[in-house]
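# sequence first, predicted model second:
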Amino acid sequence: MAKVIMVQGTTSNAGKSIITAALCRIFKQDGYKTAPFKSQNMALNSFITSDGMEMGRAQAMQAEAAGIEPDIRMNPILLKPTGESGSQIVLNGKVFRDMTAGEYYTYKQDMIPHIMNAYNSLAEEYDIIVIEGAGSPAEINLKNQDIVNMGMAQMADAPVIIVGDIDRGGVFASLAGTMLLFDDEEKKRVKGFVINKFRGEEKLLTPGLEMLEKITLVPVLGVVPYLNVDIDDEDSLSERLNVRSSQNIIDIAVIKLPRLSNFTDFNIFSLIDSVSLRYVSNIRELGNPDMIIIPGTKNTIEDLKWLRQSGLEVKIINHAKDGKALFGVCGGYQMLGEQINDPENVEGGGSIKGIGLLRTITNFSKEKTTTQATGIINKLNGFYSSLSGMEVKGYEIHMGNTELIEGISMNTLDSKSDGCVNDNVAGSYLHGIFDDIKIANKIVHQLARNKGINLEEINEFDFKKYKDSQYDLLAKEIRKKVKMDEIYKIMGI
């Protein structure tokens with residue numbers, strides 16, 4: 001069976017996902033066949049595997065760091081919030097059912113066989129498993145039903161390192177307080193601390209580190225600085241979503257929907273020097289961008305209502321009438337149509353009028369489409385005409401289907417029609433459609449031409465190779481600041 005180590009954190013967004021990815025990369029570089037694992041992930045960012053299974057995007061990212069194909073065994077349970085107190089449960093890659101938080105809490109123990117089947121299967125195939133926890137392990141009101149933090153550590157007999165976020169403040173109190181709330185067996189599992197997101201002179205931190213070790217009897221294995229690496233973030237806490245202002249020639253605004261999903265679809269635009277990519281949630285922030293993107297969402301109908309109530313729908317319509325570029329992905333594509341019908345009560349039932357900029361009608365059904373897809377962009381007119389004939393690839397995650405009443409379909413994916421284009425307005429179900437730098441470049445150049453600007457040729461690059469270089473950079477920085485020899489000893493290697 002594989003050697004194992006578990007990364008927990010004092011809070012959400014402490015850096016568990018990034019530290020897990022770093023360890024996966026380092027172990028790969030050191031010659032070990034390594035896999036990530038997270039028994040239960042709650043996120044709206046998901047990924048579709050080559051065999052059409054859905055899993056948390058963070059574990060797909062960590063698999064990339066480990067140099068292996070994403071596998072749903074790495075994340076057997078994915079919770080996708082559907083409202084304030086409910087989630088869609090994705091079990092072993094497929095939709096299981098919707099549950100309220102209370103229902104799921106009482107059901108958790110039934111999930112343990114699925115978790116351990118997935119974990120044991122991976123452990124038989126790999127040298128090292130790096131387990132990631134979720135949120136805080138010191139939620140004492142939930143401890144009896146825990147299957148993702150110390151409960152998972154016990155099931156896998158895993159040593160634990162705990163990550164604390166010093167950028168938020170109170171890192172010593174949060175680490176010491178977490179230890180205080182553990183029972184004796186849990187305390188024995190904790191083999192080290194990692195302090196993350198440090199800014200400043202490390203020597204000024206030394207007295208605090210020494211006192212923390214004295215109080216908790218747990219060694220500090222490293223102090224990681226605020227790293228300038230470009231790695232896909234775990235969830236909507238991502239700092240990418242806090243970018244509000246335009247500072248470059250081309251201004252692309254992504255609508256920050258309340259139930260925004262798969263915001264990583266647009267990361268490539270932020271790598272182009274002449275582009276500002278920003279996320280906006282009200283009409284004041286929107287301003288007058290060159291292009292608006294309506295992203296995916298876990299609840300199209302509710303987010304369309306929000307778009308209407310916020311005043312953004314009117315702004316989007318006027319933007320399109322002015323001839324400016326507008327693109328909708330997945331749920332955003334559905335919103336751009338004339339009508340959305342929910343006869344099977346997938347999102348609460350009923351029908352709602354769409355934004356009406358595309359001649360389409362969407363009908364929800366309980367069957368979920370989850371597939372990777374490749375195809376060709378059809379011959380288009382208008383703003384998107386330069387994309388005609390280009391190859392595309394990505395993945396689809398959606399409930400129901402969209403019927404094209406009139407207009408040109410955007411893509412032909414695996415011999416089926418997808419999306420719709422009406423001059424400067426377009427939509428597609430394909431997540432990842434912009435990940436090819438050639439497609440992103442053509443859009444940026446057309447946006448510049450619309451402003452009377454001729455951009456210099458943008459250096460094209462392989463997005464996959466770029467991401468690979470970022471994993472290597474992450475590993476290099478973590479090796480500098482974390483005592484990897486101690487981590488190997490903790491694992492018994």
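Sure, I can see it. Numbering: from 1, shown residues only.
# only C-alpha atoms from now on, for both contacts and neighbour counts.
Noted.
# outside of the helix or strand containing N117, which residues touch it?
If you go by DSSP states H and E, N117 is part of helix 112-125. Helix 112-125 is contacted from outside by 1-3, 35, 37, 39, 73-74, 76-77, 92, 129, 147, 155, using Cα atoms under 8 Å, 6 or more residues apart in numbering.
# next: stretch 140-155.
Contacts of stretch 140-155 (Cα under 8 Å, 6+ apart): 6, 8, 38-40, 105-106, 108-109, 112, 116, 133-134, 136-137, 159-160, 181, 186.
# among those, which lie within strands?
Taking DSSP state E, the ones among the contacts of stretch 140-155 that sit in strands are 6, 8, 40, 160.
# out of these, which is nearest to G170?
Nearest to G170 among the ones in strands among the contacts of stretch 140-155, counting by Cα to Cα, is Q8 at 17.0 Å.
# make a PyMOL selection of the buried ones in the contacts of stretch 140-155.
In PyMOL, a selection of the buried entries from those looks like this (16 or more other Cα atoms under 10 Å):
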select buried, resi 6+8+38+39+40+116+133+134+136+137+159+160+186
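# where do the helices sit along the stretch 51-200 of the chain?
57-66, 101-107, 112-125, 150-156, 171-180, 184-189 (DSSP state H, counting those that start in this stretch).
# look through this structure and tell me its longest helix.
Looking only at the chain and at elements set by DSSP state H, the helix with the highest residue count is helix 463-481.
# so how far is the longest strand seen in the chain off the chain centroid?
Secondary structure of the chain read by DSSP E shows that its longest strand is strand 359-377. Remark: strand 359-377 is offset 20 Å from the chain centroid, using Cα atoms, centre = their mean, to the nearest Å.
# same deal with stretch 149-163?
With Cα atoms, centre = their mean, you get 23 Å for stretch 149-163.
# give me the buried positions along that stretch.
Neighbour-count burial for stretch 149-163 [16+ other Cα under 10 Å]: 149-153, 156, 158-163.
# save these as CSV, and put in pLDDT and distance to L447 too.
CSV is the format used below for those (pLDDT from 0 to 100; distance: Cα to Cα, whole Å):
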residue, pLDDT, distance to L447
N149, 97, 47
M150, 97, 51
G151, 97, 52
M152, 98, 50
A153, 98, 51
A156, 98, 52
A158, 98, 52
P159, 98, 52
V160, 98, 50
I161, 98, 48
I162, 98, 46
V163, 97, 43
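# what's the most distant pair in those?
Comparing all pairs in these by Cα to Cα, the longest separation belongs to A156 and V163, at 19.3 Å.
# does P225 have beta-bridge partners, and which?
Assessed by DSSP bridges, P225 has beta-bridge partners F198.
# let me know the outermost residue of the chain.
K214 (37.5 Å; Cα atoms, centre = their mean).
# secondary structure class for it?
Secondary structure assignment for K214 (DSSP: H, G, I helix; E, B strand; the rest coil): helix.
# gap between it and N381?
69 Å (Cα to Cα, to the nearest Å).
# kindly report the same for D165.
The value you get for D165 to N381, if Cα to Cα is used, is 50 Å.
# who has more neighbours, these two?
When D165 and N381 are compared on other Cα atoms under 10 Å, the one with more neighbours turns out to be D165, at 25 against 15.
# low-confidence stretches in the chain?
Residues of the chain that meet the criterion pLDDT under 70 lie in 233-246, 457-459.
# domain parsing for it?
3-231+468-491, 250-454 (automatic domain parsing).
# in contact with the residue lying closest to F383 once chain neighbours are set aside, which residues?
Leaving aside its sequence neighbours, F383 sits nearest to N424 (Cα to Cα, 6 or more residues apart in numbering; 5.0 Å). Residues near N424 by Cα under 8 Å, 6+ apart: 320, 323-326, 382-384.
# quick check on N424: phi, psi?
phi -90, psi 0 (degrees, to the nearest 10).
# returning to what we had before: kindly reformat the domains of the chain as JSON lines containing distance to E460.
As requested, the domains of the chain are exported to JSON lines (distance: least, Cα to Cα, whole Å):
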{"stretch": "domain 3-231+468-491", "distance to E460": "16"}
{"stretch": "domain 250-454", "distance to E460": "6"}
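# mind checking which of those domains is nearest F461?
domain 250-454 (6.6 Å).
# can you get me the start-to-end distance on that closest one?
Domain 250-454 has an end-to-end distance of 12 Å (Cα to Cα).
# now that domain, how far from the chain's geometric center?
18 Å.
# ok, P258 touching I301?
No - taking Cα atoms under 8 Å as the definition, P258 is not a contact partner of I301, at 11.5 Å.
# rewinding a little: okay, the helices of the stretch 51-200 of the chain, which one's buried deepest?
helix 57-66 (a mean of 26; mean count of other Cα atoms under 10 Å).
# can you map out the strands along the stretch 251-400 of the chain?
260-261, 275-280, 291-294, 296-297, 325-329, 339-342, 350-353, 359-377, 391-406 (DSSP state E, counting those that start in this stretch).
# sheet partners, orientation included, of the fifth one?
Taking DSSP bridges as the criterion, strand 325-329 pairs within the sheet with strand 291-294 (parallel), strand 425-428 (parallel).
# with just CA atoms, put it into PDB.
The C-alpha coordinates for strand 325-329 follow below in PDB (Å, rounded to 0.1, in the frame of the first residue of the first chain):
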ATOM      1  CA  ALA A 325     -18.700  41.400 -28.000                       C
ATOM      2  CA  LEU A 326     -20.800  39.300 -25.700                       C
ATOM      3  CA  PHE A 327     -20.200  35.600 -24.900                       C
ATOM      4  CA  GLY A 328     -22.100  33.100 -22.700                       C
ATOM      5  CA  VAL A 329     -20.600  29.800 -21.500                       C
END
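# what does that strand rub up against?
290-296, 319-320, 333-336, 383, 424-431, 447.
# start and end of stretch 338-357, how far apart?
End-to-end for stretch 338-357, by Cα to Cα: 7 Å.
# which parts of it are buried?
Buried residues in stretch 338-357 (16+ other Cα under 10 Å): 338-342, 346-347, 352-355, 357.
# of those, which is the nearest to I408?
Closest approach between these and I408, by Cα to Cα: L357, at 13.1 Å.
# residues contacting the closest one?
L357 neighbours (Cα under 8 Å, 6+ apart): 317, 336-338, 422, 425.
# measure K16 to F383 for me?
42 Å.
# neighbour count: these two, which is higher?
K16 (29 against 21).
# for that one, give its distance to I162.
8 Å.
# overlap in contacts, those two.
In contact with both K16 and I162: 7-9, using Cα under 8 Å, 6+ apart.
# dump these to CSV, plus distance to D51.
Putting the shared contacts of K16 and I162 into CSV (distance: Cα to Cα, whole Å) gives the following:
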residue, distance to D51
V7, 28
Q8, 30
G9, 32
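# from the residues you listed, which is closest to I252?
Distance to I252 across those (Cα to Cα) is lowest for G9, with 34.1 Å.
# what sits against G382?
Contacts of G382 by Cα under 8 Å, 6+ apart are 422-424.
# hang on, the earlier thing: buried stuff in the longest strand of the chain?
Quick answer for strand 359-377 (16+ other Cα under 10 Å): 359-365, 369-377.
# so what's the residue count around G31?
10.
# give me the distance between it and F266.
33 Å.
# what do you get for G93?
To F266, G93 is 24 Å away according to Cα to Cα.
# comparing those two, which residue is more hemmed in?
Neighbours per residue (other Cα under 10 Å) separate G93 from F266, with G93 holding more: 24 against 21.
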